[in-house]
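>>> no FASTA, just this:
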Ligand code: HEC
């Protein structure tokens, strides 16, 4: 399980650093962070209420959400990147 988590995180970071090429560091990273959380919310709202009610981000801490999102992202057929965005949204609100 640890290896899976690492892959999710690393691929998330890799994609961010790719997509941010040429952006101003300060403004770019701020906009991009709230942007990622907004994207995570859309994916969460659309994918995580299909089989059960939308879970409350506050129901688990950051560490617990890593395991849950890894399992649930697979159930939702999300890509690693989408799963990372959902994780960022949830942990920004717990
Ligand atoms: C294909 C159906 C399905 C989708 C889509 C799905 N879940 Fe679940 N989820 C389940 C089932 C079934 C359970 C309860 C059994 C289990 O734990 O495997 C569950 C349980 C949970 C729990 C409770 C786990 C615990 O340990 O308390 C949480 C939180 C959760 N899901 C979050 C999510 C999130 C976040 C998403 C979106 C990324 C999501 N789920 C998408 C089927 C789904």
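Yep, that arrived. It should be emphasised that the depicted structure is a prediction, and the values quoted were computed from it without experimental measurement.

>>> shouldn't residue 69 be in contact with residue 88?
No - between residue 69 and residue 88 there is no contact under CB atoms under 8 Å: 9.7 Å. In this view, the C-beta of every residue, glycine as well, is placed from N, C-alpha and C.

>>> neighbour-wise, which of the two wins?
Taking other CB atoms under 10 Å, residue 69 and residue 88 do not tie; residue 69 has more neighbours (26 against 18).

>>> Reduced to three states, what does the more buried one come out as?
Of the three states, residue 69 takes helix under DSSP: H, G, I helix; E, B strand; the rest coil.

>>> give the contact list for it.
Contacts for residue 69 (CB atoms under 8 Å, 6 or more residues apart in numbering) come out as 83, 86-87, 90.

>>> Of these, which is the nearest to the ligand?
The ligand lies nearest to residue 86 out of the contacts of residue 69, by CB to the nearest ligand atom, at 4.9 Å.

>>> That closest one sits in which helix or strand?
Per DSSP states H and E: residue 86 is located in helix 80-91.

>>> Can that helix be said to contact the ligand?
Yes - for helix 80-91, a contact with the ligand is found by CB under 6 Å from any ligand atom, at residue 86.

>>> What helices and strands are in contact with that helix?
Contacting helix 80-91 under the criterion 3 or more CB pairs under 8 Å, 6 or more residues apart in numbering; DSSP states H and E are the following elements: helix 2-19, helix 25-47, helix 62-75.

>>> Kindly provide the distance from residue 59 to residue 80.
Residue 59 is 23 Å from residue 80, where distance means CB to CB, to the nearest Å.

>>> between those two, who's got more neighbours?
Remark: of residue 59 and residue 80, residue 80 carries more neighbours, 18 against 11, as counted by other CB under 10 Å.

>>> what about that one, distance to the ligand?
The gap separating residue 80 from the ligand is 12 Å, by CB to the nearest ligand atom, to the nearest Å.

>>> can you check residue 55 too?
Separation of residue 55 from the ligand (CB to the nearest ligand atom): 4 Å.

>>> ditto for residue 78
Note on residue 78: its distance to the ligand, by CB to the nearest ligand atom, is 6 Å.

>>> unless I'm mixing things up, that residue is touching residue 84, no?
No - using CB under 8 Å, residue 78 makes no contact with residue 84, being 9.2 Å away.

>>> I'm done for today, thanks for sticking with me.
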